[in-house]
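Enquirer: need a structure here:
(one chain, ligands or ions: 1)
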Amino acid sequence: MNDSQTGVLALEDGSVFRGVAFGAKKTVVGEAVFNTSMTGYQEILTDPSYYGQIITMTAPMIGNYGVNEEDIEADKPMCTGFVVRELSPIASNWRSTATLPEYLEKHGIPGLEGIDTRALTKKLRVSGAMKCCISTEDISDEEAVQRAKDWEGIVGADYVKEVTCAATYVYGPKEAGWPYNPTRSTIRKPAREREIFKIAALDLGAKKSIFRELAFHGFEVHVFPATSTVEEIKAINPDGVFLSNGPGDPEPVTYVHETVRGLMNDYPVFGICLGHQIITHAIGAKTYKLKFGHRGGNQPVKNFETDFVAITAHNHGFATSEEGLAECGAEITEVNLNDNTIAGIKLKDKPVFSVQYHPEAGPGPSDANPNFEKFYQLVAQSKKA
Ligand SMILES: NC(=O)CC[C@H](N)C(=O)O
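Expert: Below you'll find the predicted structure:
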């Protein structure tokens with residue numbers, strides 16, 4: 001390590017970690033969060049829900065299999081910065097087209113290695129998610145701490161408008177490579193010989209794998225920008241409505257709450273993560289910021305309707321509040337067994353349901369995948385009725 005390689009990570013509480021710079025040469029500020037997934041760093045980097053965040057991976061070695069053209073949730077990395085304990089000196093995989101540092105450099109994302117990620121994670125667990133600055137340039141510890149403190153933070157900011165699509169597009173079984181997608185390394189059982197339903201999806205910062213799963217289950221997904229109006233969505237006469245994941249605080253995006261309020265009475269609705277939090281607000285209930293959030297692939301969720309526990313993928317820093325939920329017409333269907341936070345809700349008198357976790361995984365276990373089939377059946381039933 002020489003001086004030009006030293007980088008710094010500073011937290012708003014004054015803690016400073018020094019490490020080795022990789023990726024882009026830059027100074028950035030964001031929310032420090034940690035992800036406990038063992039693999040899937042490329043999906044994590046490109047998940048738009050990480051917009052505004054500096055991700056620390058708790059797995060001790062990252063970068064071993066490089067990066068490829070397929071395992072992406074968006075066309076470029078969406079997080080603000082990336083922190084690892086040890087960057088693998090070798091990137092080895094038959095699908096790999098570049099190394100992790102090359103990829104981050106190309107897309108202007110700074111990375112740090114050699115950070116004591118265990119100490120950092122413990123700090124975040126005790127104190128909660130914190131404002132953070134990482135720099136791969138030559139700045140002092142004091143300046144890095146000051147920059148972290150000066151950052152306005154994620155609460156109250158609308159990040160959805162930064163990551164939603166610019167125009168409407170269609171992603172159906174055909175676009176997903178039906179009957180199977182030969183560019184994916186796994187051949188998926190498609191929605192063969194079943195009726196294809198047309199759904200409208202509000203793109204709040206959607207992961208590609210969610211639309212892929214919807215398409216594989218028999219949905220032609222008409223993707224709409226987050227600012228689309230109720231009239232624009234109703235104009236395509238959809239069979240159902242889907243609300244995607246997305247970054248930031250669910251509370252300030254009131255224009256999305258209103259759109260969903262205007263659709264909820266007329267269509268079956270399914271929401272994932274931010275989509276779940278948006279349904280919460282649309283019915284008049286509340287969300288709150290979790291201390292340090294859930295990010296990883298091993299979160300146990302109990303479903304009261306099936307009595308099953310699923311191991312699920314999570315990436316969220318906010319959660320639905322139990323307060324006032326029943327009065328607003330919702331029922332809790334699932335809870336996270338680690339901390340009893342709400343992991344799923346449904347409306348008592350409407351075909352509307354949502355989950356806080358990620359049934360598409362990407363990366364993570366597929367235990368919760370049946371949620372997509374549940375939505376398909378809900379749409380099929382309401383079409384018949
Ligand atoms: N993955 C998501 O959709 C995240 C939702 C929201 N931004 C949160 O952090 O809670």
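Enquirer: Run through the neighbouring helices and strands of the strand ranked longest in the chain.
Expert: Counting by DSSP state E, the longest strand found in the chain is strand 287-303. Judged by 3 or more C-beta pairs under 8 Å, 6 or more residues apart in numbering; DSSP states H and E, strand 287-303 is in contact with strand 27-35, helix 274-282, strand 309-320, strand 330-336, strand 342-347. Every C-beta, even on glycine, is put in place using the N, C-alpha and C of the backbone.
Enquirer: can the third one be found next to the ligand?
Expert: The one in question is strand 309-320. Yes - Strand 309-320 lies within reach of the ligand by C-beta under 6 Å from any ligand atom, at 315, 316, 317, 318.
Enquirer: Show the buried residues in those residues.
Expert: Buried members of the residues of strand 309-320 next to the ligand, scored by 16 or more other C-beta atoms under 10 Å, are 315, 316, 317, 318.
Enquirer: List the beta-bridge partners for the last one.
Expert: According to DSSP bridges, the partner residues bridging residue 318 are residue 289.
Enquirer: Do I have it right that it meets residue 250?
Expert: Yes - using C-beta atoms under 8 Å, residue 318 is in contact with residue 250, at 5.6 Å.
Enquirer: between the two, what contacts are shared?
Expert: 277, 287 (C-beta atoms under 8 Å, 6 or more residues apart in numbering).
Enquirer: Quick check: residue 210 touching residue 223?
Expert: No - if you go by C-beta under 8 Å, residue 210 and residue 223 don't touch, sitting 10.5 Å apart.
Enquirer: which of these two has more neighbours?
Expert: residue 210 (25 against 21; other C-beta atoms under 10 Å).
Enquirer: OK, contacts around the more buried one?
Expert: Contacts for residue 210 (C-beta under 8 Å, 6+ apart) come out as 244, 245, 272, 358, 360, 362.
Enquirer: one more time with 6 Å
Expert: With contacts defined as C-beta atoms under 6 Å, 6 or more residues apart in numbering, residue 210 is in contact with residue 360.
Enquirer: mind checking the SS state of it?
Expert: helix (DSSP: H, G, I helix; E, B strand; the rest coil).
Enquirer: now the one 4 residues further on
Expert: Residue 214 falls in the helix class when you classify it by three-state DSSP.
Enquirer: Check the gap between it and residue 16 for me.
Expert: Counting by C-beta to C-beta, to the nearest Å, the gap from residue 214 to residue 16 is 44 Å.
Enquirer: Got phi/psi on the closest residue to the ligand within the stretch 1-150 of the chain?
Expert: Nearest residue of the stretch 1-150 of the chain to the ligand, counting by C-beta to the nearest ligand atom: residue 49, 3.3 Å away. Main-chain dihedrals, residue 49, degrees, to the nearest 10: phi -70, psi -20.
Enquirer: which ones are touching it?
Expert: The contact partners of residue 49, taken as C-beta under 6 Å, 6+ apart, are 205, 245, 246, 247, 315.
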